[in-house]
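Asker: the sequence and its predicted three-dimensional model are supplied below.
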Amino acid sequence: MKKRGQITVFMIVGILILLIIALTLFFTRNISEEEQDLELSESAPVETSAVKMFVESCLKKTGYDAIYYNYINGGFYQPQFITLYNQWSVPYYYHLGDNLIPMETQIEEGLEDYVEDNILPCLNNFTDIPNFNIVAKDLPLMKINIKQNQVDFNLNLPLEVSRDDTIKEVNQFLVQLEVPLKELNEILVSIIDEQEKSSDEVMLDYLSRLAVEKEFTTKLFYESDEVIYILTFDKIDLLGRSLITQFAVKYDWYEIINKSFDLKPLEKQSVILGEELIYSLNYTGENVSFTSNHQRLKFNNGTLIFIPIVDDVGEQKIMISAMDKEDYDFEWLLVDVMDNQITNSELVNSEVADLE
């Protein structure tokens, strides 16, 4: 009986030891799995931050490009009332007494449009970060805020970032560029304000004094009754490029150049391939005839008629000439010819698909 009792005790002790070992292994395994989950969750922000850094580097480059390109166009992304100088569409800031300088909100909208149209090529389907699978869920949406000494570029681009079995989403990106656009815009407004005081005079004295005070250089080019102003701000660095802006002023110099009529600036038009564009010209004078440098554009009593063909798809820059027996004038018309075979929804789907 005594031996039998000892065996029972040993069995109980053995069972307890086995239970302790089993429980230890169970809890150790759970703790290990929790630590792995914790490590995975902690590594996810590193993954999204790598993607965030990459997108914001593209946003920074595209932001500088937007400022450079738009200000070459006088602060517009797609200027409406223009003349041409070299290869650039130069907007009128002042046209026979009409103030056409862009407001700050227009400049912000133009910068937004540029970035939305050009950020995707910079991202290049995210091939520069191949360790992640990145899917864009929508097209980019920009919001730009011009502040006193900087410009905020806020990008909303919904991205799904996955690696192994981890999926994260990121959609907000921000870069702040130290470019004093607010001060620059104030300079441009002051020039046109001064122009309005003497609407038919070139402001050489004022412009010279302002250039010294604000540290920029100027060049002026004369064409009949128009003057092209080119301002270069060498101290504003856009990734190795100086900020350059240009604009045109059309003066009322009729008595000097003996003009009996005037053709008003022409607003940019859009037309779908194959459809008819009808646009009434705004001009003063009598017995005025019109011609253009585009063979498919016709005129009927001061109204132009244009039916584009496939060769015209894209932006057309058309010179409209007006003349009577003695005088001559011209303006440039921008026409955006769109292909009706591609719908807006197809464009959206194709651009998003490019990122997948």
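Answerer: Arrived safely.
Asker: where does the prediction get shaky in the stretch 101-250 of the chain?
Answerer: Within the stretch 101-250 of the chain, no stretch has pLDDT under 70.
Asker: pretty sure M142 contacts V115?
Answerer: Yes - applying C-beta atoms under 8 Å, one finds M142 in contact with V115, separated by 4.8 Å. Glycine gets a C-beta too; all of them are placed from N, C-alpha and C.
Asker: shared neighbours, the two?
Answerer: Contact criterion C-beta atoms under 8 Å, 6 or more residues apart in numbering; residues shared by M142 and V115: F153, L155.
Asker: all helices for the stretch 251-356 of the chain, in order.
Answerer: Under the criterion DSSP state H, counting those that start in this stretch, the stretch 251-356 of the chain carries helices at the ranges 254-257, 344-354.
Asker: and those helices, which one averages the lowest pLDDT?
Answerer: When these are ranked by mean pLDDT, helix 344-354 comes last with a mean of 43.
Asker: my guess is V161 is in a helix, correct?
Answerer: No - counting by DSSP: H, G, I helix; E, B strand; the rest coil, one finds V161 to be strand, located in no helix.
Asker: check contacts around it.
Answerer: Counting by C-beta under 8 Å, 6+ apart, V161 makes contact with E47, T48, V51, F132, N133, I134, I167, K168, E169, V170.
Asker: show me where the stretch 201-350 of the chain has its strands.
Answerer: Counting by DSSP state E, counting those that start in this stretch, the stretch 201-350 of the chain has strands at residues 217-223, 226-237, 242-250, 262-263, 269-272, 277-280, 283-284, 289-292, 297-300, 303-306, 314-323, 328-338.
Asker: name the helices or strands packed onto the first one?
Answerer: Applying 3 or more C-beta pairs under 8 Å, 6 or more residues apart in numbering; DSSP states H and E, one finds that strand 217-223 makes contact with helix 204-214, strand 226-237.
Asker: equivalent analysis for the last one, please.
Answerer: Using 3+ C-beta pairs under 8 Å, 6+ apart as the contact criterion, the elements in contact with strand 328-338 are strand 82-85, strand 262-263, strand 269-272, strand 314-323.
Asker: now do the fourth one
Answerer: Applying 3+ C-beta pairs under 8 Å, 6+ apart, one finds that strand 262-263 contacts strand 283-284, strand 328-338.
Asker: tell me the angle of the last one relative to strand 242-250?
Answerer: What that stands for is strand 328-338. 130 degrees (axes from the mean of the first three to the mean of the last three C-alpha atoms, to 10 degrees).
Asker: return strand 328-338 as PDB; C-alpha atoms alone will do.
Answerer: The C-alpha coordinates for strand 328-338 follow below in PDB (Å, rounded to 0.1, in the frame of the first residue of the first chain):
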ATOM      1  CA  TYR A 328      -4.800  97.100 -89.900                       C
ATOM      2  CA  ASP A 329      -5.100  95.300 -86.500                       C
ATOM      3  CA  PHE A 330      -4.800  91.700 -85.300                       C
ATOM      4  CA  GLU A 331      -5.400  89.500 -82.200                       C
ATOM      5  CA  TRP A 332      -4.600  85.900 -81.400                       C
ATOM      6  CA  LEU A 333      -7.400  83.400 -80.700                       C
ATOM      7  CA  LEU A 334      -6.700  80.100 -78.800                       C
ATOM      8  CA  VAL A 335      -9.000  77.200 -79.700                       C
ATOM      9  CA  ASP A 336      -9.000  73.900 -77.800                       C
ATOM     10  CA  VAL A 337     -10.100  71.200 -80.200                       C
ATOM     11  CA  MET A 338     -11.300  68.100 -78.300                       C
END
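Asker: and it, what's buried?
Answerer: Residues of strand 328-338 classed as buried by neighbour count (16 or more other C-beta atoms under 10 Å): D329, F330, E331, W332, L333, L334, V335, V337.
Asker: and that strand, how far from the chain's centre?
Answerer: Centre-to-centre, strand 328-338 and its host chain are 23 Å apart (C-alpha atoms, centre = their mean, to the nearest Å).
Asker: can you list the strands that it pairs with?
Answerer: According to DSSP bridges, strand 328-338 forms sheet pairs with strand 269-272 (parallel), strand 314-323 (antiparallel).
Asker: tell me which of those sits nearest to I119.
Answerer: strand 314-323 (20.8 Å; C-beta to C-beta).
Asker: among the buried residues of strand 328-338, which one has the lowest pLDDT?
Answerer: Sorting these by pLDDT puts D329 at the bottom of the list (76).
Asker: that one reaches D262, doesn't it?
Answerer: Yes - using C-beta under 8 Å, D329 makes contact with D262 at a distance of 6.1 Å.
Asker: what do those two both touch?
Answerer: Common contact partners of D329 and D262 (C-beta under 8 Å, 6+ apart): Y283.
Asker: that older thread, closest one of the buried residues of strand 328-338 to V179?
Answerer: Among the buried residues of strand 328-338, L334 lies closest to V179 (C-beta to C-beta), at 27.3 Å.
Asker: measure the closest residue to that closest one other than its chain neighbours to L277 for me?
Answerer: In this structure, L334 finds its nearest non-sequential neighbour in K268, 4.2 Å apart by C-beta to C-beta, 6 or more residues apart in numbering. Distance of K268 to L277, given as C-beta to C-beta, to the nearest Å: 12 Å.
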